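K.L.:
sequence and predicted structure are below.
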Number of protein chains: 2
Amino acid sequence: MSDITNTEEDGRDERHKARMVRKKEVVDAKIASAQAERGVIVITTGNGKGKSSSGFGMVVRAMGHGMRTGVVQFIKGAIPSGEEMFLQRFPDQCAFHVMGEGYTWETQDRARDVAKAEAAWEVARQMLRDPSIGLVLFDELNIALKLHYLDVDTVIADLRARPAMQHVVITGRGAPPALVEAADTVTDMTPVKHAFQQGIKAQRGVEM
Amino acid sequence: MSDITNTEEDGRDERHKARMVRKKEVVDAKIASAQAERGVIVITTGNGKGKSSSGFGMVVRAMGHGMRTGVVQFIKGAIPSGEEMFLQRFPDQCAFHVMGEGYTWETQDRARDVAKAEAAWEVARQMLRDPSIGLVLFDELNIALKLHYLDVDTVIADLRARPAMQHVVITGRGAPPALVEAADTVTDMTPVKHAFQQGIKAQRGVEM
């Protein structure tokens, strides 16, 4: 009985090993063919949770490698967020600018929203001209573009003129097609379920 | 001519304002009805980029609120990541454990992978019994479950027995259906495009 089990176990281990050897060949070949190094544009969009937190995770990852980073928050900002409170502890490694005044349905003033977005883009543009900044995060920029607070062609032209090795992460629902076209990596965060729908309040550390 | 333009502008601003007032009512009503406060289980899964970085963003967010956090990395770990190097600067606020030995197609040894996953879950279980930890991240746990290195029912039972206010974030492709069922918030990171497909190497600060 235990012999049969051992033989089955051995067979499973061998099949696993053979499968993993083949997988390693495929992965290694892919890695060998991907050799270009340059700054990339990463977009996280869609209606699901995780767009901004993914961007902040990349900021922290870059900081772990000793890179200087920049953050501009375009829409949020009425309440200081956990990531803002945390990252503002490191002014030498992270330039953090909160330019928004809460969501636009809180302000209800389009002209003011446009002026704020333009001022935020001016700060962003300075970062895009600074080769000492290795990674920038433009949080909720997609929303400012979707609401036509900013001109997408101007934004793309400024992105294209940035230092060759600088990475840019752009978050928010409704990334415009022209920006998706200009980006290197785009992920759609698709909601499967959300605690909020089950009557659970937005909580510190998770949503804010 | 400029009068017409002004009138159009005014009309657009008014319509925008009316739309935002309605939107605010809807959002405020939703917020009012979502009043439960308790620890949630958040899962990020799917084939797109941003699963782990979203988890690390939530860790940083929680740390910004002064919460203590815990991280267990189940599969990665052959190369120290930027997030590991960064978060290990804060041992009082983040208990960081790297239990994996690189991806499983690198190790090619199932019995060893199972033993490593079980040791990692033992560390995770200790965190799930510690009410002083406000948020835990189990990075790539989904992969360990998908490969049957760990028993999903045991994992769910340990999750259910955790302190009432503790949040759990679980990342990785292929979240098992039973875990999705047990979770509060689930996002599928759906790839739209990836720099890697265009011959661009995985780079510091973005992918590692």
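P.N.:
Structure received. Numbering: from 1, shown residues only, chains lettered A, B, ... in the order given.

K.L.:
who are the packing partners of the longest strand anywhere in chain A?
P.N.:
As assigned by DSSP state E, the longest strand anywhere in chain A is strand A:185-193. Contact analysis of strand A:185-193 by 3 or more Cβ pairs under 8 Å, 6 or more residues apart in numbering or on different chains; DSSP states H and E lists strand A:41-45, helix A:51-64, strand B:185-193 as its packing neighbours. Just so you know, the C-beta spots here come from the backbone N, C-alpha and C atoms, and that holds for glycine as well.

K.L.:
now do the first one: everything it contacts.
P.N.:
Applying Cβ atoms under 8 Å, 6 or more residues apart in numbering or on different chains, the external contacts of strand A:41-45 come out as A:50-52, A:54-55, A:58, A:142, A:159, A:167-175, A:179-180, A:182-189, B:49-50, B:192, B:195, B:206.

K.L.:
in chain A, which spans are helices?
P.N.:
A:2-33, A:51-64, A:82-87, A:104-107, A:110-127, A:141-146, A:152-160, A:177-182 (DSSP state H).

K.L.:
redo those helices as TSV? Include mean neighbour count.
P.N.:
Shown next, in TSV, are the helices of chain A (neighbours: other Cβ atoms under 10 Å in any protein chain shown):
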stretch	mean neighbour count
helix A:2-33	11
helix A:51-64	28
helix A:82-87	23
helix A:104-107	18
helix A:110-127	18
helix A:141-146	24
helix A:152-160	15
helix A:177-182	14
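
K.L.:
weakest of those in terms of mean pLDDT?
P.N.:
Confidence, taken as mean pLDDT, is least for helix A:104-107 of the helices of chain A (a mean of 58).

K.L.:
what number of residues lie near A:Pro91?
P.N.:
9 (other Cβ atoms under 10 Å in any protein chain shown).

K.L.:
picking up where we left off before, could you dump the helices and strands packed on strand A:185-193 into TSV and include distance to B:Glu37?
P.N.:
As requested, these are exported to TSV (distance: least, Cβ to Cβ, whole Å):
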stretch	distance to B:Glu37
strand A:41-45	27
helix A:51-64	20
strand B:185-193	14
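
K.L.:
out of those, the one nearest A:Phe86 is which?
P.N.:
The closest of those to A:Phe86 is helix A:51-64. By Cβ to Cβ, the value is 8.6 Å.

K.L.:
may I have the closest one as CSV, with CA atoms only?
P.N.:
The C-alpha coordinates for helix A:51-64 follow below in CSV (Å, rounded to 0.1, in the frame of the first residue of the first chain):
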residue,chain,number,x,y,z
LYS,A,51,-5.1,51.0,-9.4
SER,A,52,-3.6,53.6,-7.1
SER,A,53,-2.2,51.1,-4.6
SER,A,54,-0.4,49.4,-7.5
GLY,A,55,1.1,52.7,-8.4
PHE,A,56,2.2,53.4,-4.9
GLY,A,57,3.7,49.8,-4.7
MET,A,58,5.8,50.7,-7.7
VAL,A,59,7.0,53.9,-6.1
VAL,A,60,8.1,52.0,-3.0
ARG,A,61,9.8,49.3,-5.2
ALA,A,62,11.8,52.1,-7.0
MET,A,63,12.7,53.7,-3.6
GLY,A,64,13.9,50.3,-2.4
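
K.L.:
tell me what angle that helix forms with helix B:51-64.
P.N.:
80 degrees (axes from the mean of the first three to the mean of the last three Cα atoms, to 10 degrees).

K.L.:
and helix A:51-64, what does it pack onto?
P.N.:
Helix A:51-64 packs on strand A:41-45, strand A:69-73, helix A:82-87, strand A:135-139, strand A:167-171, strand A:185-193, helix B:51-64, helix B:82-87, going by 3+ Cβ pairs under 8 Å, 6+ apart.

K.L.:
could you pull up the mean pLDDT of the longest strand of chain A?
P.N.:
On average, strand A:185-193 scores 94.

K.L.:
for that strand, buried residues please.
P.N.:
A:Thr185, A:Val186, A:Thr187, A:Asp188, A:Met189, A:Val192, A:Lys193 (16 or more other Cβ atoms under 10 Å in any protein chain shown).
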